[in-house]
Each structure stands twice: as C-alpha cells, then as structure tokens.
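Asker: For reference, the sequence and a predicted model appear below.
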Amino acid sequence: MLQKVWNKTQESAKIDIIAIRPSLEKPKMKIAVTSLSERPTLLESTFAPKELDLVAERVQFLDAVRVAVTVTRMQEDVLAVGKATTKATAECSRCLEPVPLEVKGEFEALYVPDTGAYAARMGRRDFEWGDQRVNFYSELTVDLSEEIRQCILLELPMKPLCRADCAGLCPRCGADLNKGPCSCEPEAADDPWAALRDLIPPKGK
Ligand SMILES: [Zn+2]
Ligand SMILES: [Zn+2]
C-alpha cells in the first residue's frame, strides 16, 4: 500500500491519502473526495519527478516538484486550481550546452464522478467545457497527477536556447561558435553560384 500524507495548511489537521491499488503502481496524487470540505482548502506537497512520470526528451528534472492546489468540493464535483514548480536543465537546441530552467506550471480542472449525469452524457471521456477542463473520477478518489504532469510538460520550451543569440555549433567541425570562430572556411556548399563565381574575374581587373 502506498501512503502519502499531505499537509493541510489551512487547517491543522492532516489528510492521509491512501492508494487502494497494489504497490506496483507508482505513487500518485490522490485525494479522497469525502475528506474534502465545501470551502476551498489549500493542499501542498512535493513529489519526486519519477513519481509523476515526468519524462521529456533532452530535459533532466533536477528538483522535487512542489505542488500547491486549492480544492473545493461542490457536492460531488471537485474543483482543483493549482501550481506546480520545479527546476530542470534542458539542452540548448543550437550548442547543446545545458540550459537551466525554472518551470512554473498552472492548472485548473473540474472533477466529476464517473457515475453522474456528465458521465451519462459525455461517455466518461475527459472533455473541455469552455476554458474548463473536466475530468472524471472514480471510486470517490480524485487523482491530480496527470494535471500536474501536463502543466509542467507544457511549460518546457520547444527549442531551448542558452541565450537568445546563441551562435550554435559549426556544422562541419562541431566547434562551439560561442567560444569564437573555428578554422573552417566559410560555408560554400549551400551556394549554387559559388563555383560559377570563381570562374568570373572580380570587377575592376
Ligand atoms: Zn546555445
Ligand atoms: Zn568549423
């Protein structure tokens, strides 16, 4: 059995979140719906990147993911508005040097029971309603891990750069051109007129 204890910071009480499934499953961010009150409650916790299945190409997550989420139960629906932050390094897309990243993601999702009226209408598939993401929960347990994971991944830059004017690597010798020019001749292969130009004497001769 997995057990995760959350600090319930607005009240002194603590909520124990217990995963019902066998221990083969990775720890997840689960909240028992019956433990929530109908006023907004701030929950905070930290997770190892592995626990959230955080994997991205050429990115290393260096720090625990800090999560702060305000959950409000509205009868059987649960609104979760949260933030997740962590530190990572990516590879510069031009020179391959590490680029430090401060990742700050936000999410907002409404969780509805998979036995309710929404489920009957929408076929239990998560959907968007206006700007609102709507997810289904089952067994009276809301699992925030996917929202947290996605809000972090969405913040990662598509083409990280160590600096806006990174000069990149020389395509021929691989030298880091940020450290100065390499000794390669200027690139001519892409210029179809280069060979022809050599045949024409420069003007003035
Ligand atoms: Zn670079
Ligand atoms: Zn070179």
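Answerer: On my side now, so go ahead. Ligands and ions are numbered 1, 2, ... in the order given.
Asker: ok, now how distant is residue 151 from residue 171?
Answerer: Residue 151 sits 36 Å away from residue 171, going by Cβ to Cβ, to the nearest Å. All C-beta spots, glycine's among them, are computed from the backbone N, C-alpha and C.
Asker: between those two, who's got more neighbours?
Answerer: Taking other Cβ atoms under 10 Å, residue 151 and residue 171 do not tie; residue 151 has more neighbours (22 against 11).
Asker: now that one, what's its secondary structure?
Answerer: Here residue 151 is recorded as helix under DSSP: H, G, I helix; E, B strand; the rest coil.
Asker: what sits against the residue nearest to it when sequence neighbours are not counted?
Answerer: With sequence-adjacent residues excluded and distances taken as Cβ to Cβ, 6 or more residues apart in numbering, residue 151 is closest to residue 105, at 3.2 Å. Listed by Cβ atoms under 8 Å, 6 or more residues apart in numbering, the contact set of residue 105 reads 83, 84, 85, 148, 150, 151, 152, 154, 155.
Asker: quick one: which of those residues is nearest residue 67?
Answerer: Distance to residue 67 across the contacts of residue 105 (Cβ to Cβ) is lowest for residue 84, with 4.8 Å.
Asker: in the sheet, who's paired with that closest one?
Answerer: In this entry, residue 84 is beta-bridged to residue 67, residue 105, by DSSP bridges.
Asker: Ok, residue 80 next?
Answerer: With DSSP bridges as the criterion, residue 80 is bridged to residue 71, residue 109.
Asker: hang on, it packs against residue 106?
Answerer: No. Counting by Cβ atoms under 8 Å, residue 80 does not reach residue 106; the two are 11.2 Å apart.
Asker: ok, the closest residue in space to residue 91 that isn't next to it in sequence to residue 111 distance?
Answerer: In space, residue 91 comes closest to residue 58 once its chain neighbours are excluded; the distance is 4.3 Å by Cβ to Cβ, 6+ apart. According to Cβ to Cβ, residue 58 and residue 111 sit 33 Å apart.
Asker: for residue 31, same thing?
Answerer: 9 Å.
Asker: swap in residue 87?
Answerer: With Cβ to Cβ as the criterion, residue 87 and residue 111 are 29 Å apart.
Asker: repeat for residue 133
Answerer: For residue 133, the distance to residue 111 equals 9 Å [Cβ to Cβ].
Asker: Comparing those two, which residue is more hemmed in?
Answerer: Shown here are residue 133 and residue 111; by other Cβ under 10 Å, residue 111 has more neighbours (25 against 17).
Asker: how about the more buried one, what does it touch?
Answerer: Residue 111 neighbours (Cβ under 8 Å, 6+ apart): 77, 78, 79, 80, 134, 135, 136, 137, 142.
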